[in-house]
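>>> got a sequence here, can you model it:
(one chain, ligands or ions: 1)
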Amino acid sequence: MSTGTREFKTIGVIGLGTMGAGIAEVFARHGYDVVGVEVDEDGITKGRQHLEGSTARAVKRGKLTEEEQTELLGRVSFATSLSGLADADLVVEAVVESLAVKKQIFADLEAVVKPTAVLATNTSSLSVTEISTANASPGRVVGVHFFNPAPVQGFVEVVRTVVTEPSVVEDVSALVRTLGKNPVVCGDKAGFIANTLLFGYLNHAVSMYENRYASREDIDAAMRFGCGYPMGPLALLDLIGLDTAYEILETMYRQGRDRLHAPAPILKQMVTAGLLGRKSGRGFYSYEAADSPVVV
Ligand code: NAI
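Okay, the predicted model is just below:
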């Protein structure tokens with residue numbers, strides 16, 4: 001498909017976990033050929049199951065016909081080696097959030113992809129600039145931060161480094177629009193736009209709670225009913241996972257030194273105590289039978 005100056009037809013997706021499988025689905029749904037790369041056959045099986053499950057749910061909800069689902073799945077092929085990406089016009093890396101792993105992949109990609117291929121990382125908090133320098137052509141490296149779940153969320157942050165070629169940013173933004181999503185462009189700073197603003201707010205809510213300024217219910221009610229947010233900040237933190245939220249805040253604070261992002265002390269205490277939110281059954285709220293607030 002022609003978007004800007006570049007023609008994007010085949011998209012490589014490295015890592016078919018939560019995000020990668022969703023990203024592969026989005027591209028295949030919009031007519032692109034997709035090559036999904038995983039570490040081994042087991043990873044491919046899980047990625048394929050994720051894709052099949054997600055598209056089957058879309059069929060059930062009437063968002064996709066069975067015929068469209070078959071066509072979509074037929075556009076996705078799989079590989080256990082980066083050499084499967086030789087024809088890719090764009091590669092989206094969505095492996096674990098580890099700088100070392102991502103840098104190795106961007107270094108290895110140089111030998112296998114076309115010189116014209118654009119290389120993108122879906123990192124949430126690592127430096128796109130640092131990842132890009134592992135590749136011999138950092139000018140073709142850009143961040144594409146899809147939101148979770150990728151097939152549903154209509155928004156992608158396109159992250160430019162100081163050396164990303166402007167045409168790469170333009171073409172990737174145009175490509176994002178062909179997926180029916182809104183691209184926004186920003187510089188390379190941990191958290192990008194949405195998480196920088198969101199996590200400062202969430203952290204402030206934790207401090208209010210920690211300082212016994214208001215109850216968890218009243219803090220959440222103020223933002224839901226007063227500001228029209230779909231969830232209150234403490235309930236949202238329980239959904240994100242307090243360990244994940246803590247790590248994101250720590251990274252943003254280390255990079256930006258903005259006090260807004262210095263994690264509220266109680267967050268660390270709750271993580272240490274195993275209160276991780278919904279996934280562990282208890283965070284600010286309890287998701288087991290008996291609910292009791294955290295004692296502060
Ligand atoms: P995940 O842990 O669900 O999936 C990662 C996948 O990468 C696994 O299936 C793993 O087998 C595979 N993998 C690891 N090393 C690999 C390699 N060398 N080659 C090929 N595959 C490899 O992780 P998740 O949540 O999908 O996150 C992926 C990236 O997306 C991270 O950078 C994360 O920060 C970012 N992200 C995550 C969001 C979320 O809500 N989970 C939201 C937006 C971005």
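
>>> going forward, measure contacts between C-alpha atoms and count neighbours the same way
OK.

>>> what is the burial count for A221?
Applying other CA atoms under 10 Å, we find 17 residues neighbouring A221.

>>> now it: how far from the ligand?
Distance of A221 to the ligand, given as CA to the nearest ligand atom, to the nearest Å: 25 Å.

>>> in a helix, that residue, correct?
Yes - counting by DSSP: H, G, I helix; E, B strand; the rest coil, A221 falls inside a helix.

>>> surely it and G232 touch.
Yes - A221 lies in contact with G232 (CA atoms under 8 Å); the separation is 6.4 Å.

>>> what strands line up against the helix or strand harbouring H145, and which way round?
H145 belongs to strand 141-146 when assigned by DSSP states H and E. Strands that pair with strand 141-146, judged by DSSP bridges, come out as strand 118-121 (parallel), strand 155-159 (antiparallel).

>>> for the helix or strand that Q69 is a member of, buried residues please.
Following DSSP H and E, the helix or strand that holds Q69 is helix 66-74. Using 16 or more other CA atoms under 10 Å as the test for burial, helix 66-74 gives Q69, L72, L73.

>>> quick one, what contacts the first one?
Listed by CA atoms under 8 Å, 6 or more residues apart in numbering, the contact set of Q69 reads T55, A56, V59.

>>> check contacts around the last one.
Going by CA under 8 Å, 6+ apart, V59 touches T65, E66, Q69.

>>> what do you get for the second one?
Listed by CA under 8 Å, 6+ apart, the contact partners of A56 are Q69.

>>> next: the first one.
T55 sits next to E25, L64, Q69 when contact means CA under 8 Å, 6+ apart.

>>> tabulate the residues you listed (CSV), appending distance to the ligand and pLDDT.
Compiled in CSV, the contacts of T55 are given as follows (distance: CA to the nearest ligand atom, whole Å; pLDDT from 0 to 100):
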residue, distance to the ligand, pLDDT
E25, 13, 98
L64, 23, 94
Q69, 22, 97
